[in-house]
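Asks: Could you look at this predicted model? Sequence included:
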Amino acid sequence: MNIGIVCYPTFGGSGVVATELGKALAKKGHRVHFMAYNLPFRLNPFNENLFYHEVSVNDYPLFEYQPYESALASKIVDVATYEKLDVLHVHYAIPHASVAYLAQQILKSKKITLPYITTLHGTDITLVGRDPSFEPVIRFSLNNSNAITSVSESLKKDTLTIFKIDNKIDVIPNFINLDDYAKTGTHCEKKHYAPNGEKIMIHVSNFRKVKRVEDVLKVFDKVRKEIPCKLILVGDGPERPAIEKLCRELHTCNDIISLGRINDPTEVLGLGDLFILPSETESFGLAALEAMAMKLPVISTNTGGLPEVNINGQTGFVSNVGDVDDMAANSLKLLSDDKLYAEFSSNAYKQALKFDINHILPMYEKLYQTVIAKSH
Ligand code: GMT
């Protein structure tokens, strides 16, 4: 198949999922055309089946806001026409679903059929999408999508509650490529970060408010008062200054290693003992799944789709949002009991196996074939 993929190229789960999906499809022989305003950060398009089409928006003094939607719609029309796309897959509803609809209508006027699939990732529904000003556009473009997928049952439920969607929503969960994880070696030794054999807790995110990184620090502070422990933070974002302030107040800075943004955190995860994700809301929690693929048990909240990934009492523990005492107690339970830890670590890996790309990719391929067949 000739498949077009539209995604955000920046650090964030939706871009990672879109990129890894495109790479896996290309490996199976499909021709995959990415359209984004920058090269997606995990994409190396040097592959016979992968193509990258940059969406550039020229600046002009008249524009306070650049017309990204128009530029993207024109790019889709162009790529669909000349590369003969069979299907378009847009990741993140805003604004990609409505842009896909516009492109589809323009192509229709040229007698070209292009079905589009919208994959909902989370904040496009639960945070940004909640803004009532977006409601009519999101609802219309979802109802007109040839198919909609959501990355968890929880997100499907939220979407149906927040919007009046008549269209069916298929749940196709996020995935990981376990082969990549199996290959991961690390050039860095654990003792470099934990010279005295301390345990290592890890948090990976884009440091937005929704991630509650302050809770990571509060939990870590409680844990390190009981057992020697280090915290590795991977990522960067708007909450970084607040985090730095809190670590000074808690006097924990010397035990925290901030690595900033890392394209592929797999190697770092290989050094860790425990992953922590105390998000306010999380449609799935791809970062937690990536940690589980590296055999790390997870301490998370019980919000959104997290309990579908992190099974409470088996692969880690889930707590109410903001309950840092419970998260600290659960962390200590795991870090101070080797037998329990080994059991959870093995369960975490087994759970990650269920989300291997080899199980998930056929679901997307089947969906593409269905929408293509239906639209002709
Ligand atoms: O988590 C973010 O802030 C980024 C966001 C995105 O769209 O890039 O992530 C969302 O999509 C990921 C991939 O499907 C999910 O694993 C994350 O749980 C989801 N984030 C939230 O719901 C907050």
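Replies: Thanks, I have it.
Asks: Now do the helix or strand of the chain with the lowest mean pLDDT: everything it contacts.
Replies: For the chain, the helix or strand with the lowest mean confidence is helix 178-183, at a mean of 79 (criterion: mean pLDDT, DSSP states H and E). Helix 178-183 has contacts (CB atoms under 8 Å, 6 or more residues apart in numbering) with 266, 290, 293-294, 352-353, 356-357. C-betas here are computed from N, CA, C, even on glycine.
Asks: Please export the C-alpha coordinates of that helix as PDB.
Replies: The C-alpha coordinates for helix 178-183 follow below in PDB (Å, rounded to 0.1, in the frame of the first residue of the first chain):
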ATOM      1  CA  LEU A 178      10.700  -5.500  21.300                       C
ATOM      2  CA  ASP A 179      13.500  -6.500  18.900                       C
ATOM      3  CA  ASP A 180      14.900  -3.000  19.300                       C
ATOM      4  CA  TYR A 181      14.800  -3.300  23.100                       C
ATOM      5  CA  ALA A 182      16.500  -6.800  23.100                       C
ATOM      6  CA  LYS A 183      19.300  -5.300  21.000                       C
END
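Asks: In the helix or strand that comes right after it, which residues are buried?
Replies: Under the assignment DSSP states H and E, the closest C-terminal helix or strand after helix 178-183 is helix 190-193. Neighbour counts over helix 190-193 (16 or more other CB atoms under 10 Å) mark 190, 193 as buried.
Asks: what's the answer for stretch 50-64, then?
Replies: Buried, per 16+ other CB under 10 Å, within stretch 50-64: 50-53, 55.
Asks: So which of these sit within strands?
Replies: 50-53 (DSSP state E).
Asks: For these, work out which two are farthest apart.
Replies: Leu50 and His53 (11.1 Å; CB to CB).
Asks: what sits in contact with each of the two?
Replies: Phe34.
Asks: any idea which of the ones in strands among the buried residues of stretch 50-64 is closest to the ligand?
Replies: Tyr52 (18.6 Å; CB to the nearest ligand atom).
Asks: List the beta-bridge partners for that closest one.
Replies: Beta-bridge partners for Tyr52, by DSSP bridges, are Phe34.
Asks: which one is Ile256 nearest to, not counting chain neighbours?
Replies: Leu231 (4.7 Å; CB to CB, 6 or more residues apart in numbering).
Asks: quick check, that neighbour in a helix?
Replies: No: counting by DSSP: H, G, I helix; E, B strand; the rest coil, Leu231 falls outside a helix, being strand.
Asks: Look at it and report its pLDDT.
Replies: We have a pLDDT of 98 for Leu231.
Asks: Let's have the buried residues of stretch 50-64 in CSV, adding distance to Leu306 and pLDDT.
Replies: Listed next are the buried residues of stretch 50-64 as CSV, based on distance: CB to CB, whole Å; pLDDT from 0 to 100:
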residue, distance to Leu306, pLDDT
Leu50, 32, 97
Phe51, 35, 97
Tyr52, 32, 97
His53, 35, 98
Val55, 33, 97
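Asks: how about those in TSV, adding distance to the ligand?
Replies: Converted to TSV, the buried residues of stretch 50-64 look like this (distance: CB to the nearest ligand atom, whole Å):
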residue	distance to the ligand
Leu50	20
Phe51	22
Tyr52	19
His53	20
Val55	18
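Asks: What is the nearest of these to Asn44?
Replies: Of those, the one sitting nearest to Asn44 (CB to CB) turns out to be Leu50, at 8.1 Å.
Asks: Contacts only, for the closest one.
Replies: Contacts of Leu50 by CB under 8 Å, 6+ apart are 22-23, 26, 32, 34, 43.
Asks: Give me the spatial nearest neighbour of the residue of the stretch 101-250 of the chain found nearest the ligand, chain neighbours excluded.
Replies: Of all residues in the stretch 101-250 of the chain, the one sitting closest to the ligand is Gly122 (2.5 Å; CB to the nearest ligand atom). Spatially, and ignoring its direct neighbours in sequence, Gly122 is nearest to Ser283 (2.9 Å; CB to CB, 6+ apart).
Asks: How about residues contacting the helix or strand containing Gly22?
Replies: Assigned by DSSP H and E, Gly22 falls within helix 13-27. Contact with helix 13-27 is made by 1, 3, 5-9, 32, 34, 36, 40-43, 47, 49-50, 89, 91-92, 119, 121-122, 124, 151, 174-177, 284, 286-287, 357, 361, 364-365, as judged by CB under 8 Å, 6+ apart.
Asks: Give me the contact status of it with the ligand.
Replies: Yes: Helix 13-27 reaches the ligand (CB under 6 Å from any ligand atom) through 13-15, 17.
Asks: what's the answer for stretch 93-107, then?
Replies: No: between stretch 93-107 and the ligand, judged by CB under 6 Å from any ligand atom, nothing touches; the nearest distance is 10.0 Å.
Asks: what is the mean pLDDT for that stretch?
Replies: 97.
Asks: hey, C-alpha coordinates of that stretch in PDB?
Replies: Extracted in PDB, the C-alpha atoms of stretch 93-107 (Å, rounded to 0.1, in the frame of the first residue of the first chain):
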ATOM      1  CA  ALA A  93      -7.100  15.100  16.000                       C
ATOM      2  CA  ILE A  94      -6.300  18.800  16.200                       C
ATOM      3  CA  PRO A  95      -5.900  20.100  13.500                       C
ATOM      4  CA  HIS A  96      -5.000  17.000  11.500                       C
ATOM      5  CA  ALA A  97      -8.500  15.500  11.200                       C
ATOM      6  CA  SER A  98     -10.100  18.600   9.800                       C
ATOM      7  CA  VAL A  99      -7.100  19.200   7.500                       C
ATOM      8  CA  ALA A 100      -7.500  15.600   6.200                       C
ATOM      9  CA  TYR A 101     -11.200  16.200   5.600                       C
ATOM     10  CA  LEU A 102     -10.400  19.400   3.600                       C
ATOM     11  CA  ALA A 103      -7.700  17.600   1.600                       C
ATOM     12  CA  GLN A 104     -10.100  14.700   0.900                       C
ATOM     13  CA  GLN A 105     -12.700  17.100  -0.500                       C
ATOM     14  CA  ILE A 106     -10.200  18.900  -2.700                       C
ATOM     15  CA  LEU A 107      -9.000  15.600  -4.100                       C
END
